[in-house]
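Asker: Okay, here's the prediction I keep looking at, along with the sequence it came from:
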Amino acid sequence: MEDKTVELQFITHFTDTYSYYDSARMALEGGCRWIQLRMKDTSVDEVEREAIRLQGLCKDYGATFIIDDHVELVNKIHADGVHLGKKDMPVAEARKILGKEFIIGGTANTFDDVKMHYEAGADYIGCGPFRFTTTKKALSPVLGLEGYRSIIQQMNEADIHLPIVAIGGITLEDIPSIMETGITGIALSGTILRAKDPVAETKRIMNL
Ligand SMILES: Cc1ncc(COP(=O)(O)OP(=O)(O)O)c(N)n1
Ligand SMILES: Cc1ncsc1CCOP(=O)(O)O
Ligand SMILES: [Mg+2]
């Protein structure tokens with residue numbers, strides 16, 4: 001049997017059912033080893049309180065811990081890294097603050113976005129949305145499999161080699177065909193949080 005697991009990034013999202021901590025714990029119990037704390041419309045103090053708890057949890061599981069948007073907080077608490085999109089601090093500026101030791105991810109919807117983040121020194125790309133999702137407001141245009149194929153082809157032609165994680169509306173069934181496009185990992189939230197048993201669903205995804 002091939003000993004290969006899906007490179008999975010679990011992204012937290014507010015729900016009435018689970019706390020941020022419990023949702024991250026379930027993803028970790030299911031075998032995910034990359035957690036992103038994403039808390040929108042919340043004060044930095046509140047994000048910091050949650051981040052400190054999740055950081056401890058991720059340490060216990062030997063998991064990477066990334067925070068969405070908050071560069072200064074990542075620097076302050078020494079999280080493993082930050083994820084930045086179009087409306088956030090530019091990757092190059094974050095790199096100046098954080099140095100080389102921290103992971104910096106950048107959001108892309110087009111090859112030009114990928115190129116910009118690559119040139120600015122990003123460590124990985126979050127590329128999406130794959131399809132419509134209610135988890136994020138003001139979504140960029142949906143990419144689908146064809147969008148990923150085209151971006152990966154342009155990356156290869158430009159000799160740009162960066163880990164590239166697909167995101168947005170992804171379910172277990174989508175993952176094999178997304179991985180066939182050359183995408184190197186998957187980021188998701190809703191499909192785990194909506195599952196009857198989020199731990200079992202994470203295990204199923206990890207072992208695809
Ligand atoms: C892995 C990953 N990819 C993309 C995003 C989206 O980031 P951004 O465009 O900054 O949007 P918000 O998440 O801040 O609403 C992400 N967080 N993670
Ligand atoms: C942060 C982010 N950016 C695009 S979709 C998304 C959240 C994850 O989406 P989903 O809940 O559909 O997996
Ligand atoms: Mg952001």
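Answerer: Good, I have the coordinates. Ligands and ions are numbered 1, 2, ... in the order given.
Asker: Could I get the CA-only coordinates of the helix ranked longest in the chain as CSV?
Answerer: Across the chain, the longest stretch assigned as helix under DSSP state H is helix 44-61. Taking C-alpha atoms only, helix 44-61 is exported to CSV below (Å, rounded to 0.1, in the frame of the first residue of the first chain):
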residue,chain,number,x,y,z
VAL,A,44,-7.1,41.4,17.6
ASP,A,45,-7.2,40.8,21.4
GLU,A,46,-9.8,38.1,20.9
VAL,A,47,-7.8,36.5,18.0
GLU,A,48,-4.8,36.5,20.3
ARG,A,49,-6.6,34.7,23.1
GLU,A,50,-7.8,32.0,20.8
ALA,A,51,-4.4,31.8,19.0
ILE,A,52,-2.5,31.1,22.2
ARG,A,53,-4.8,28.2,23.0
LEU,A,54,-4.6,26.8,19.4
GLN,A,55,-0.9,27.2,19.4
GLY,A,56,-0.5,25.0,22.5
LEU,A,57,-2.9,22.4,20.9
CYS,A,58,-0.9,22.4,17.7
LYS,A,59,2.3,21.9,19.6
ASP,A,60,0.8,18.9,21.3
TYR,A,61,0.1,17.3,18.0
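Asker: what's the pLDDT at the residue lying closest to residue 17 once chain neighbours are set aside?
Answerer: Nearest non-adjacent residue to residue 17, counting by CB to CB, 6 or more residues apart in numbering: residue 193, 7.3 Å away. C-beta here means a position set from N, CA and C on the backbone, and glycine is covered the same way. Residue 193 is assigned 98 on the pLDDT scale.
Asker: So what's the residue count around residue 193?
Answerer: Using other CB atoms under 10 Å, residue 193 has 21 other residues around it.
Asker: quick revisit: would you mark the buried spots in the longest helix of the chain?
Answerer: Within helix 44-61, the residues that count as buried by 16 or more other CB atoms under 10 Å are 47, 50-51, 54-55, 57-58, 61.
Asker: mind listing the helices for this structure?
Answerer: Under DSSP H, the chain gives helices at 20-29, 44-61, 71-77, 91-98, 111-120, 144-157, 175-180, 190-193, 198-206.
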